[in-house]
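Student: Just the structure for this:
(chains A and B)
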Number of protein chains: 2
Amino acid sequence: MEGDCRRRGRRQEAGIAARDDGGQVNPPQTSALALNLVTTRSTWGLAQAIEGCARHDIRGIAPWRDQVRAIGLKNASAAIRSHQLAVTGLCSGGRFPARTARLRKAAIQDNLRAIDEAAELSAGCLIIVVGGLPEGSSDIAGARAQVMDGLAEVLPHARAAGVRLALEPLHPMQVSIACMNTLEQALDLCDALDPGVSGALGVAVDVYHVWWDPKLKQQIVRAGKGRLHAFHISDWLVPTQDLFDDRGMMGDGVIDVRRIRGYMDAAGYAGMHEVELFSTRWARHDPDKLLKIIKRRHRRFC
Amino acid sequence: MEGDCRRRGRRQEAGIAARDDGGQVNPPQTSALALNLVTTRSTWGLAQAIEGCARHDIRGIAPWRDQVRAIGLKNASAAIRSHQLAVTGLCSGGRFPARTARLRKAAIQDNLRAIDEAAELSAGCLIIVVGGLPEGSSDIAGARAQVMDGLAEVLPHARAAGVRLALEPLHPMQVSIACMNTLEQALDLCDALDPGVSGALGVAVDVYHVWWDPKLKQQIVRAGKGRLHAFHISDWLVPTQDLFDDRGMMGDGVIDVRRIRGYMDAAGYAGMHEVELFSTRWARHDPDKLLKIIKRRHRRFC
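Tutor: Below is the predicted model of the structure:
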């Protein structure tokens, strides 16, 4: 008994819970399910995906900018509205670090356009994938400083347009596309650029990217409702075969998605649960069958 | 100008340096080079590796326990001594989390043996790869608690044997073999289990695992001489093709190894620089040629 007490004491000092104290998490509202359209992109264009989601009663989507461009922004916006779908997020802005001032300026311009597109689509947020090391560089601190400068430049336009920017920390193995790799880092940046928590700057919590983080729960609590702009779900497979395109379906891997959803709920997040599967495996599936599987797995594991 | 000052202010708040303040780092002492024997294991057994390193004037090695077993502990110890090589670390103990109490106890026993082996080899440390989720589990907090309990059980024996345990945080993509994934997490555990910094518990800083961490420098400073037990070097390739066996040779990737070595020096680390290449690519090279390349790259990039 005493040994147990000592162990518990040590664990508390180290910020480790012997057993997570989140308790039982209720099953999700099925109406909270949304689909990131990378999941079906090998088969469905935006128009088909909108109809597909509506047909399967999936009430939210996250389109990619090239998918929007392919049918035109106004058409996309009209089609989404006519099916009364929510746009959980537009993918994506960011990619700030670059070798030259000219390239960095071009990135800023592109982000300003992305903000306008997100506004036109009434998107819940613009997902920001911040960008990695410029070609030939090994100066990760410098790249991170460029990210901060770029965000500072586009934030006023986001505020004016009423668009929420959602910084998405990517898994450290994907540092070549985003040198923002933990929630803590993203929230430090939010606090520095938007200390008043205006709502214009927050984070996207993608379980695939952050599930391993020992500070995950603590940082979700820290973020709170004011900074939690999006929640993405999938699963981590063991073994994982590819650094980018081998995400698993919820329930096929080792992420306790429901527990993390409980953290989000407890912190005040009231948005949707967006399934985002970068997966060559699932991309081969018939999208109608895939959506049925996703709905089942969402109910069971989220 | 004012804009610049504002930016600097924001960066400081967010813990981001516009340019790293480490300054110029001098080239390394070539005598500090050591070789982790995973690098040559596809061709050389322990006896050959000892002779090979001595022949190339590489003064330190880190053998694996199976390599030691293959020639016998006493023989290994004698061969290493006769060539006056330092043993930077023995690989490895750890693997604490398990499904059953019986399996966890077996892991403890194995760690006690590993400590004895490290003592016999006069190893600078026993590298601890803590282990991942037990089969069928998605309770990462629980696995981390098991790691803490396991370490608490073996630490007294390490102290008695005069063996330093070096917790090695592994890259988050390798969470299936170690659920300890940041230096901060490792140091929190050190502080909880060994608050007096007895020397028995510290960390191994492997640039491949931690280079991406925004808190890297801060945590190396925090660790200080008393907790910095080992320093492993290699490089992160872009693109990386495999989660375990595609490390790069220093200079071939995007890690600023020299800058990180500067952090280690500044924090008081006075140990060797151990090249550890898990790489199917480099494993195909003739070891004698490989060692020459390693020596050149160490001088130039470490």
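
Student: where in chain A is pLDDT low?
Tutor: The model of chain A has pLDDT under 70 over residues A:1-23.

Student: residues in the stretch 51-200 of chain A within reach of chain B, list them.
Tutor: Within the stretch 51-200 of chain A, the positions near chain B by C-beta under 8 Å from any C-beta of the partner chain are A:133, A:137-142, A:144-145, A:148-149, A:152, A:171-173, A:175-176, A:179, A:181-182, A:184-185, A:188-189, A:191-193. Using the backbone N, CA and C atoms, a C-beta is placed for each residue, glycine as well.

Student: Please apply the same query to the stretch 201-302 of chain A.
Tutor: Within reach of chain B by C-beta under 8 Å from any C-beta, the stretch 201-302 of chain A has these residues: A:211-215, A:236, A:238-240, A:243, A:253-256.

Student: Widest-spaced pair of those?
Tutor: A:215 and A:239 (25.4 Å; C-beta to C-beta).

Student: With neighbour numbers in mind, choose between these two.
Tutor: Neighbour count, other C-beta atoms under 10 Å in any protein chain shown: between residue A:215 and residue A:239, residue A:215 has more, with 17 against 8.

Student: what sits against the residue lying closest to the more buried one once chain neighbours are set aside?
Tutor: Among residues not flanking residue A:215 along the chain, residue A:184 sits closest, at 5.8 Å (C-beta to C-beta, 6 or more residues apart in numbering or on different chains). Residue A:184 is in contact with A:215, A:219, A:222, B:214-215, counting by C-beta atoms under 8 Å, 6 or more residues apart in numbering or on different chains.

Student: Among those, which one sits closest to residue A:287?
Tutor: When the contacts of residue A:184 are compared against residue A:287 (criterion: C-beta to C-beta), the nearest one is residue A:219, at 34.2 Å.

Student: Which residues does the helix or strand containing the closest one contact?
Tutor: Using DSSP states H and E, residue A:219 maps to helix A:216-227. Where contact means C-beta under 8 Å, 6+ apart, the residues beyond helix A:216-227 that reach it are A:15, A:20, A:22, A:182-184, A:187, A:190, A:197, A:199, A:201-203, A:205, A:210, A:213, A:228, A:260, A:263-264, A:266-270.

Student: Can you name the element that comes right after the helix or strand harbouring residue A:205?
Tutor: Using DSSP H and E, residue A:205 maps to strand A:201-206. Next along the chain after strand A:201-206, taking DSSP H and E as the criterion, comes helix A:207-210.

Student: chain center to that following helix, what's the gap?
Tutor: Chain-centre distance of helix A:207-210: 9 Å, with C-alpha atoms, centre = their mean, to the nearest Å.

Student: Quick check: chain neighbours aside, which residue is closest to residue A:153?
Tutor: The shortest distance from residue A:153 to any non-neighbouring residue, by C-beta to C-beta, 6+ apart, is to residue A:108 (5.2 Å).

Student: Wait, that neighbour touches residue A:152, no?
Tutor: No - if you go by C-beta atoms under 8 Å, residue A:108 and residue A:152 don't touch, sitting 10.1 Å apart.

Student: Mind jotting down where the strands sit in chain A?
Tutor: A:33-36, A:60-62, A:86-87, A:90-94, A:126-129, A:165-167, A:201-206, A:228-233, A:273-275 (DSSP state E).

Student: how about the ones you listed, which one is nearest residue A:112?
Tutor: strand A:90-94 (9.0 Å).

Student: Mind listing what's buried along the closest one?
Tutor: Of all the residues in strand A:90-94, those buried under the rule 16 or more other C-beta atoms under 10 Å in any protein chain shown are A:90-94.

Student: Which strands or helices does it pack on?
Tutor: On a contact count with 3 or more C-beta pairs under 8 Å, 6 or more residues apart in numbering or on different chains; DSSP states H and E, strand A:90-94 meets helix A:65-71, helix A:101-120, strand A:126-129.

Student: Any buried residues in the first one, and which?
Tutor: Applying a neighbour-count criterion of 16+ other C-beta under 10 Å, the buried positions in helix A:65-71 are A:65, A:67-68, A:71.

Student: Against which helices or strands is the longest helix anywhere in chain A packed?
Tutor: Across chain A, the longest stretch assigned as helix under DSSP state H is helix A:140-161. With contacts taken as 3+ C-beta pairs under 8 Å, 6+ apart, helix A:140-161 sits against helix A:101-120, strand A:165-167, helix A:183-193, strand A:201-206, helix B:2-13.

Student: export the ones you listed to JSON lines and tack on distance to residue B:164?
Tutor: Listed next are the helices and strands packed on helix A:140-161 as JSON lines, based on distance: least, C-beta to C-beta, whole Å:
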{"stretch": "helix A:101-120", "distance to residue B:164": "46"}
{"stretch": "strand A:165-167", "distance to residue B:164": "39"}
{"stretch": "helix A:183-193", "distance to residue B:164": "29"}
{"stretch": "strand A:201-206", "distance to residue B:164": "38"}
{"stretch": "helix B:2-13", "distance to residue B:164": "36"}
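
Student: List just the one of the ones you listed that sits closest to residue B:38.
Tutor: The nearest among the helices and strands packed on helix A:140-161, by C-beta to C-beta, is helix A:183-193 at 30.9 Å.

Student: hang on, the earlier thing: pick the one among the contacts of residue A:184 closest to residue A:80.
Tutor: residue A:219 (31.8 Å).

Student: tell me the phi and psi of the closest residue to residue A:277 other than its chain neighbours?
Tutor: Take residue A:277 and drop its neighbours on the chain: the residue closest to it by C-beta to C-beta, 6+ apart is residue A:39, 4.4 Å away. Here is the backbone geometry of residue A:39 (degrees, to the nearest 10): phi -60, psi -30.

Student: neighbours of residue A:39, just the number please.
Tutor: The tally of other residues near residue A:39 (other C-beta under 10 Å) stands at 28.

Student: any idea how far it lies from chain B?
Tutor: 22 Å (C-beta to the nearest C-beta, to the nearest Å).

Student: how about the strands of chain A in JSON lines, adding distance to residue A:75?
Tutor: Below are the strands of chain A laid out as JSON lines (distance: least, C-beta to C-beta, whole Å):
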{"stretch": "strand A:33-36", "distance to residue A:75": "19"}
{"stretch": "strand A:60-62", "distance to residue A:75": "15"}
{"stretch": "strand A:86-87", "distance to residue A:75": "14"}
{"stretch": "strand A:90-94", "distance to residue A:75": "15"}
{"stretch": "strand A:126-129", "distance to residue A:75": "20"}
{"stretch": "strand A:165-167", "distance to residue A:75": "25"}
{"stretch": "strand A:201-206", "distance to residue A:75": "26"}
{"stretch": "strand A:228-233", "distance to residue A:75": "24"}
{"stretch": "strand A:273-275", "distance to residue A:75": "23"}
